[in-house]
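Student: here is a sequence with its predicted model. Questions after.
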Amino acid sequence: MAVERSHTDKFLLFIKGLAMGAANKVPGVSGGVVAFVAGFYEEFIYSLKKINLKSFKLLFYRDFKTFYRYVNGQFLSFLVLGMLFSYFSVSKLLDYLIEKYELFVWSTFFGMIIASIYAISRQFKAWDIKAYCGIGFGVLVGVGISLMNPAKENDHLLFVFLCGVISVSGMTLPGLSGSFILILLGNYVLLLVDSVNALFDTLYEISGFNFSFVNKPERIRLLKVLGVFTLGSAIGLVSLSHVLSYMIKQHRKITFGALTGFILGSLGVVWPWKRKVFELDVAGNPLLDSNGSPVLKNYVRYMPEWHAETFYALLFVALGVLIILALEWYGDKNKKQHA
C-alpha cells in the first residue's frame, strides 16, 4: 500500500537510491544489502511486483494517477532517480577510490558485509531446519560463484540482454553482486564502463546541440548495447521480484536463510587482502582490453602481515560495520514510525 511521504522521506529515498546504485557497480557488493539493512527491502520487492498486467492496463487506459499509486510510484521514482544519478556521480567517485585506495575501500565493504549478516540474521525469531538448509544452499552458491574465472567479452545483443536479466540479481538478492556476475560473464567493462561513458558523452554533446555522435559507429554500437542491457535488466528485475515476493510470503525462513548464505558466501569476493592475476599472451605479456587495461583472470587471496597499513584497513572494516549498524538503526526507527 502506497503511503504519502514527507520531503525528508523523499530525500532519504533518493540517498538510498544513490547507495544502491553505487553498491551495484562495485564488484562483490550487492545493492540488495543496502535495501535490506536500511529496512525497505520488502517494500522494494512488493512495489516491483505491482508492475504487472493490471498496471499495464491502467497505462493503456491512460489512468496515470491510479497507476502511480498502484505501483507505489513515489517510492520507486525517488529510489530509481537516486540509482540513475549514482551511475554518473557516486559510482565515478568509487571508481577513483578503488583505483587509489583499493585496500581501504575493500576493507570498508568487508565490514559492511559482516554487519549485514548480523542484520539479516535478526529476521529470524527462531532458527529451524528450513533456515539452516537455506543458509547452506546460499553459502554453496555464493562460494561457487566467487571461485569462477571470468569469461571473455561478448557484445552479441542476445548475450547482452541475458547479462541484464542475470546481473540485476544484485539489486534483489542481497549477497549476489551483479557487478561481479558481469565480471564472470566477461562484460563488466563493456556494460558498466564503456557503455555508461558513451551515454554520458552523448548526453553532454546533445546538451550543447552537438549531434555528431550519429556518425560515430562505435558510439552507436555502445548505445545500442546499453539499451539492450537496460531492457534485460528491467525485465529481469520485475520477473525476479514476482518470484521473491512469492518466496518471502510462502517460504520466509528458507528464503531469508538463503539470502544470509549468499552474503556469507560473498565474503571471499570482498576479502580486502588479494592480488590480481591477469591474462597473459603467448609471450608472457598482459593481455589488454579495448581500453588498453589488463584483462583480469582471477584474484589470489592472502593473510595480511601486521603493519600500519593493516591497522588502518581494520579501522575501515570497523567503519563499514558502523555504517550498516547505523542504516539498520534508521530502518528500525522508520518501521516504528510507519507502524
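Tutor: In hand now; what should we look at?
Student: residues in contact with residue 140?
Tutor: When contacts are counted by CB atoms under 8 Å, 6 or more residues apart in numbering, residue 140 touches 261, 265. Where C-beta positions appear, they are placed from N, C-alpha and C, glycine not excepted.
Student: so which helix or strand takes in it?
Tutor: Using DSSP states H and E, residue 140 sits within helix 129-146.
Student: now that helix: average pLDDT?
Tutor: For helix 129-146, mean pLDDT is 83.
Student: please apply the same query to stretch 198-218.
Tutor: 89.
Student: ok so, going back, right, and the helix or strand after the helix holding residue 140?
Tutor: helix 157-167.
Student: what sits against residue 17?
Tutor: Residue 17 touches 78, 79, 80, 81, 82, 83, 84, 85, 86, counting by CB under 8 Å, 6+ apart.
Student: and of these, the nearest to residue 211?
Tutor: residue 84 (22.7 Å; CB to CB).
Student: surely that closest one touches residue 21?
Tutor: Yes - the pair residue 84 / residue 21 is scored as a contact, 7.1 Å apart, by CB atoms under 8 Å.
Student: between these two, which is the more surrounded one?
Tutor: residue 21 (26 against 13; other CB atoms under 10 Å).
Student: relative orientation of the biggest helix by length in the chain and helix 129-146 in degrees?
Tutor: Determined from DSSP state H, the single longest helix within the chain is helix 217-250. Interaxial angle of helix 217-250 relative to helix 129-146 (axes from the mean of the first three to the mean of the last three CA atoms, to 10 degrees): 160 degrees.
Student: report the angle between helix 217-250 and helix 157-167.
Tutor: Helix 217-250 runs at 40 degrees relative to helix 157-167, counting by the same axes, to 10 degrees.
Student: quick one: mean pLDDT for the following helix or strand past helix 217-250?
Tutor: Per DSSP H and E, the first helix or strand lying C-terminal to helix 217-250 is helix 252-265. Regarding helix 252-265, the rounded mean pLDDT is 80.
Student: and for helix 252-265, what's in contact with it?
Tutor: Under CB under 8 Å, 6+ apart, the answer for helix 252-265 is 30, 32-33, 36, 113, 116-117, 120-121, 123-124, 128, 130-146, 173-176, 244, 247-248.
Student: what's the offset of the helix or strand hosting residue 20 from the middle of its chain?
Tutor: Taking DSSP H and E as the definition, one finds residue 20 inside helix 7-25. Centre-to-centre, helix 7-25 and its host chain are 13 Å apart (CA atoms, centre = their mean, to the nearest Å).
Student: buried ones in that helix?
Tutor: By 16 or more other CB atoms under 10 Å, the buried positions in helix 7-25 come out as 9-10, 12-14, 16-25.
Student: do the same with stretch 59-77
Tutor: Buried-residue list, stretch 59-77, by 16+ other CB under 10 Å: 67, 68, 70, 71, 72, 73, 74, 75, 76, 77.
Student: ok, now which ones touch residue 151?
Tutor: Residue 151 neighbours (CB under 8 Å, 6+ apart): 184, 185, 186.
Student: let me have those residues in a markdown table, extended by neighbour count, secondary structure and distance to residue 330.
Tutor: A markdown table is the format used below for these (neighbours: other CB atoms under 10 Å; DSSP: H, G, I helix; E, B strand; the rest coil; distance: CB to CB, whole Å):
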| residue | neighbour count | secondary structure | distance to residue 330 |
| --- | --- | --- | --- |
| 184 | 19 | helix | 33 |
| 185 | 22 | helix | 34 |
| 186 | 19 | coil | 38 |
